[in-house]
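Participant: Below are the sequence and a predicted model for it; my questions follow.
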Amino acid sequence: MVQTDSHVTKIQEALDHAEEEVREAGAQAFRAGDDVAAGKARDVVDGLKALRSRMNGQTPANNPPPTVASQPKKTPSRAGKRKKAKARKGKRGDYPRYEVRNNNLVRVGWSKKDKAEYQHRTPRTIFDRTVKAMNKVAQSGPGPFMAEKIIEKSNDKEGPVPSYQAYVVIGLLRDRKCVEQVGREGYVIPEDVSARAMRVWEQLEGKTK
């Protein structure tokens, strides 16, 4: 029994260490402006917390966020790779870019590792819930507010909002000057953030029609 307890303790320590490492990676991504990576880090931390709760015989309050399906990778020929790399070389500064397709907000990024575009989609319902949460947060004071507080406010009876999807929305609004990022302190949210967000959505939607 003592030996079993010892092994369980080691597993818990490993989870603690993993959570600390992921939190730090997420913080670095946030400081670098990579909102999606920061959101994914938060999702992993939530999953680790859920694992710890199960090990302690507790039932997590919320189910862990759904995992993100990786995009299938294509394997072009060497000539195709050279041609594609040359075509993309002068365009990397255009990323990330945002589009609206089929009532989804799409963030298009560039992978240095894969030398190719990748996409993250956020449904309109999640966009609206995130903006609504930002509006609630803005009414509580001048800020700045951390993204975690916005995500917590966006969780309602419909269930939790995946962090990486909320970060896509936050990244768009920061990119379009609807909110202001203040270093590591978070975001300053104006009182008319809802109106600003709706205008941005309509502009993006108009470009895809």
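Facilitator: Thanks, I have it. What you see is a predicted model; the values in this text were computed from it and never measured. Numbers count the residues shown, from 1 in each chain.
Participant: Retrieve the pLDDT associated with the spatially closest residue to Ile189 that is not a sequence neighbour.
Facilitator: Leaving out its chain neighbours, the residue that sits closest to Ile189 by C-beta to C-beta, 6 or more residues apart in numbering is Ala138, at 4.0 Å. In short, each C-beta sits where N, CA and C put it, glycine included. For Ala138, the model assigns a pLDDT of 92.
Participant: give me every residue that touches Ala138.
Facilitator: Phe145, Ile189, Pro190, Glu191, Val193 (C-beta atoms under 8 Å, 6 or more residues apart in numbering).
Participant: Wait, the third one touches Cys178, no?
Facilitator: What it means is Pro190. Yes: counting by C-beta atoms under 8 Å, Pro190 touches Cys178, with 7.4 Å between them.
Participant: Of these two, give the one with the bigger neighbour count.
Facilitator: Cys178 (22 against 16; other C-beta atoms under 10 Å).
Participant: picking that back up, against Leu172, how distant is the residue nearest to Ile189?
Facilitator: As for Ala138, its distance to Leu172 is 17 Å (criterion: C-beta to C-beta, to the nearest Å).
Participant: ok, now Ser163?
Facilitator: According to C-beta to C-beta, Ser163 stands 15 Å off from Leu172.
Participant: can you check Ile189 too?
Facilitator: Ile189 sits 14 Å away from Leu172, taking C-beta to C-beta as the criterion.
Participant: returning to what we had before: how about the contacts of Ala138, which pair is most distant?
Facilitator: Taking C-beta to C-beta as the measure, those span a maximum distance of 13.2 Å, between Phe145 and Glu191.
Participant: neighbour-wise, which of Ile189 and Leu172 wins?
Facilitator: Neighbours per residue, other C-beta under 10 Å: of Ile189 and Leu172, the larger number sits with Ile189, 27 against 24.
Participant: can you list the domains in the protein?
Facilitator: As given by automatic domain parsing, the domain ranges for the chain are 2-55, 93-208.
Participant: what's the least confident stretch among those domains?
Facilitator: Among the domains of the chain, domain 2-55 has the lowest mean pLDDT, at a mean of 65.
Participant: Double-check Pro123 against Asn104; I have them as touching.
Facilitator: Yes: Pro123 lies in contact with Asn104 (C-beta under 8 Å); the separation is 5.6 Å.
Participant: of those two, who's got more company?
Facilitator: Legend: neighbour count by other C-beta under 10 Å for Pro123 and Asn104, higher for Asn104 (16 against 13).
Participant: Who are the contact partners of that one?
Facilitator: Contact analysis of Asn104 by C-beta under 8 Å, 6+ apart lists Arg121, Thr122, Pro123, Arg124.
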